[in-house]
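Undergrad: just coords:
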């Protein structure tokens, strides 16, 4: 049962157990409140007996004690219910966010390439928040109300079957109406979610590209698009609320007919002598107590149904296969070998086709070729960011698909074309390469990557905070910090994807000199478009249309008069171009 609850509401196991406890506590709380009906019933019976006989007085002391006991029980039940629902829910909310983040950490990049990042952010923040409200309010109260109502209804049938039928007939009809509307409510919720996501994406797009919008004088048109997205979102939410209200209010109206049928049939049976006055009063009291909680229950049911899209998205993350493997890797050296590797981002559109090569230790293997040829894909596959569709990749003879990605990446230093920096100091941004590095080690790596020259000009030196993604730095400065990270990590394998693309010629020369010291005894895969960057590489691999077109040393490829020579000649000619 616990596993089914986990799947139904996208919970962790402790969360599912606590949800059961919350439902039980709500049920007990409702039943304790129902005890007051019994006290009121017996007090009413005493009064009716006095009016009939004209003698005696009710035992007020006994009823006062009973009321006091019930009040204490209600307080205790509500105290337990509060702890079981709210406190446990907040704990589960934290667990859910951590669980989602931990799973995302172990996902292959293929998952992220197919999902919008704003969608994932909404799932982690908004969806979990929505489930927090469902777990603390909707689900336990719905379960408690339904169970307690069912028990009260069964008890009513023991007193009088006909009056019980007159009192409870509207309950299943009301719930049936909401259940029949489940598809409509779910569709409205999913449509509203999509429209809200479009609005969020549009706003995020503007924040990320404000420079380009201003430069292209597109701000007015962009703001108009945002206004339209917000208007559509507003209309969608109104439609969703109206859809919800249409079915919930209708079911609540049906529920209220129960009191009318109790009165009508009760008077009829009372006049005909089929029931006593005490039974009639009992059903009036129960009817007055029975329907009010159910009104809220119907709203809770609609709210639970509207949570289904959130639950589906969380379950998608919970059930997505993780990248896993051994927690140790013991390779025989650090040669990286591709064996008939085929890979595609989209089914039927291969980016790599039966690619085989070896990047040897203590050598620079450079991947070159036109855009879209598969160079960056090779580097990503080597680091196990993606899994090949066919073939295999080994490091020192160890198939990397059998190794935990984080264990594998501990042996890689990576400098990709798109540098990611954090809103922290330069010191801390470089220290990401090695968490326990001393300040001296960080500064030594920075000097090797020629960061020191611009860091000394910063107001606070290495303690200067560089803004979100290094917004206070130039492109070349950001890239040098990324290179400093790789140098600080000093891993046996290095991936360089356009590592010097944003550097001027002088800085590029310095960085290449530093890299030549760094790579001693290491395996290096370098991706570059500048032919001068790869001129001293040990081994060149020319990729074209996802296949190896040429392979050899720079000198050997120049003699072949093929793609590499043509690229070299074109770049040389471009360097001579004048206005």
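TA: On my side now, so go ahead. The structure presented is a predicted model; accordingly, all values stated were derived computationally and were not measured. Numbers count the residues shown, from 1 in each chain.
Undergrad: my read: residue 481 touches residue 473, true?
TA: Yes - using Cβ atoms under 8 Å, residue 481 makes contact with residue 473 at a distance of 7.4 Å. C-beta coordinates here come from the backbone N, C-alpha and C atoms, glycine included.
Undergrad: common neighbours of those two, please.
TA: Jointly contacting residue 481 and residue 473 under the rule Cβ atoms under 8 Å, 6 or more residues apart in numbering are residue 421.
Undergrad: how many neighbouring residues does residue 85 have?
TA: A count of nearby residues for residue 85, using other Cβ atoms under 10 Å, gives 25.
Undergrad: how near is it to residue 143?
TA: 11 Å (Cβ to Cβ, to the nearest Å).
Undergrad: need the overlap of contacts for these two.
TA: residue 26.
Undergrad: could you pull out the strands for the stretch 301-450 of the chain?
TA: Secondary structure of the stretch 301-450 of the chain by DSSP state E, counting those that start in this stretch: the strands cover 336-346, 349-359, 363-368, 390-395, 398-399, 412-415.
Undergrad: export the ones you listed to CSV and append columns for distance to residue 469 and mean neighbour count.
TA: Formatted as CSV, these follow (distance: least, Cβ to Cβ, whole Å; neighbours: other Cβ atoms under 10 Å):
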stretch, distance to residue 469, mean neighbour count
strand 336-346, 25, 18
strand 349-359, 27, 18
strand 363-368, 26, 24
strand 390-395, 30, 18
strand 398-399, 35, 14
strand 412-415, 16, 23
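Undergrad: mean pLDDT for these: which is lowest?
TA: Ranked by mean pLDDT, those end with strand 412-415 in last place, scoring a mean of 86.
Undergrad: partner strands of that one, with direction?
TA: Within its sheet, strand 412-415 is paired with strand 493-497 (parallel), according to DSSP bridges.
Undergrad: identify the residues contacting the partner strand?
TA: With Cβ under 8 Å, 6+ apart, strand 493-497 has contacts from 334, 336, 375-376, 379, 382-383, 395, 411-417, 486, 515, 518-519, 522-528.
Undergrad: at 7 Å what do you get?
TA: By Cβ atoms under 7 Å, 6 or more residues apart in numbering, the residues outside strand 493-497 that reach it are 334, 336, 376, 379, 382-383, 411-417, 486, 519, 522-527.
Undergrad: tell me which of these fall in helices.
TA: If you go by DSSP state H, the contacts of strand 493-497 have 376, 379, 382, 486 in helices.
Undergrad: can you redo those as JSON lines with distance to residue 357, pLDDT and neighbour count?
TA: Output for these, formatted as JSON lines (distance: Cβ to Cβ, whole Å; pLDDT from 0 to 100; neighbours: other Cβ atoms under 10 Å):
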{"residue": "376", "distance to residue 357": "15", "pLDDT": "86", "neighbour count": "20"}
{"residue": "379", "distance to residue 357": "12", "pLDDT": "89", "neighbour count": "21"}
{"residue": "382", "distance to residue 357": "11", "pLDDT": "92", "neighbour count": "24"}
{"residue": "486", "distance to residue 357": "22", "pLDDT": "86", "neighbour count": "23"}
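Undergrad: could the residues you listed be laid out in CSV, adding distance to residue 218?
TA: Shown next, in CSV, are the ones in helices among the contacts of strand 493-497 (distance: Cβ to Cβ, whole Å):
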residue, distance to residue 218
376, 30
379, 34
382, 39
486, 37
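Undergrad: low-confidence ranges, the protein, go.
TA: Applying pLDDT under 70 to the chain flags residues 52-58, 113-119, 499-515, 517-518, 572, 574-579.
Undergrad: quick check: the gap between residue 392 and residue 491.
TA: As judged by Cβ to Cβ, residue 392 and residue 491 stand 22 Å apart.
Undergrad: which one is the residue nearest to the spatial centre of the chain nearest to, not counting chain neighbours?
TA: The centroid of the chain falls nearest to residue 124 when counting by Cα atoms, centre = their mean (3.6 Å). Distances taken as Cβ to Cβ, 6 or more residues apart in numbering put residue 100 closest to residue 124, at 5.5 Å, once the chain neighbours are dropped.
Undergrad: test my guess that the one you found contacts residue 127.
TA: No - counting by Cβ atoms under 7 Å, residue 127 is not a contact partner of residue 100; they are 8.9 Å apart.
Undergrad: more crowded one of the two?
TA: Applying other Cβ under 10 Å to residue 100 and residue 127 shows that residue 127 carries more neighbours, namely 24 against 20.
Undergrad: what sits against residue 452?
TA: Neighbours of residue 452 in contact, by Cβ under 7 Å, 6+ apart: residue 446.
Undergrad: do the same with residue 174
TA: Applying Cβ under 7 Å, 6+ apart, one finds that residue 174 lies in contact with 251, 254, 255, 298.
Undergrad: by neighbour count, which of these wins?
TA: Neighbour counts for these (other Cβ under 10 Å) peak at residue 251, which has 27 neighbours.
Undergrad: show me what the strand or helix carrying that residue is packed against.
TA: Counting by DSSP states H and E, the element that carries residue 251 is helix 219-271. Helices and strands touching helix 219-271, by 3 or more Cβ pairs under 7 Å, 6 or more residues apart in numbering; DSSP states H and E, are helix 161-168, helix 170-180, helix 182-208, helix 277-306.
Undergrad: please give the element, helix or strand, for residue 540.
TA: Using DSSP H and E, residue 540 falls within strand 539-544.
Undergrad: got the angle for that strand vs helix 375-382?
TA: Relative orientation of strand 539-544 versus helix 375-382 (axes from the mean of the first three to the mean of the last three Cα atoms, to 10 degrees): 120 degrees.
Undergrad: how far is strand 539-544 from where the chain is centred?
TA: Distance of strand 539-544 from the chain centroid (Cα atoms, centre = their mean, to the nearest Å) equals 39 Å.
Undergrad: so what touches whichever helix or strand comes after that strand?
TA: The helix or strand immediately downstream of strand 539-544 is strand 547-552, counting by DSSP H and E. Residues from elsewhere that reach strand 547-552 (Cβ under 7 Å, 6+ apart): 353, 355, 357, 540, 541, 542, 543, 557, 560, 562, 563, 564.
Undergrad: and these as JSON lines, adding distance to residue 303?
TA: Compiled in JSON lines, the contacts of strand 547-552 are given as follows (distance: Cβ to Cβ, whole Å):
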{"residue": "353", "distance to residue 303": "51"}
{"residue": "355", "distance to residue 303": "52"}
{"residue": "357", "distance to residue 303": "57"}
{"residue": "540", "distance to residue 303": "62"}
{"residue": "541", "distance to residue 303": "58"}
{"residue": "542", "distance to residue 303": "60"}
{"residue": "543", "distance to residue 303": "54"}
{"residue": "557", "distance to residue 303": "66"}
{"residue": "560", "distance to residue 303": "69"}
{"residue": "562", "distance to residue 303": "66"}
{"residue": "563", "distance to residue 303": "62"}
{"residue": "564", "distance to residue 303": "64"}
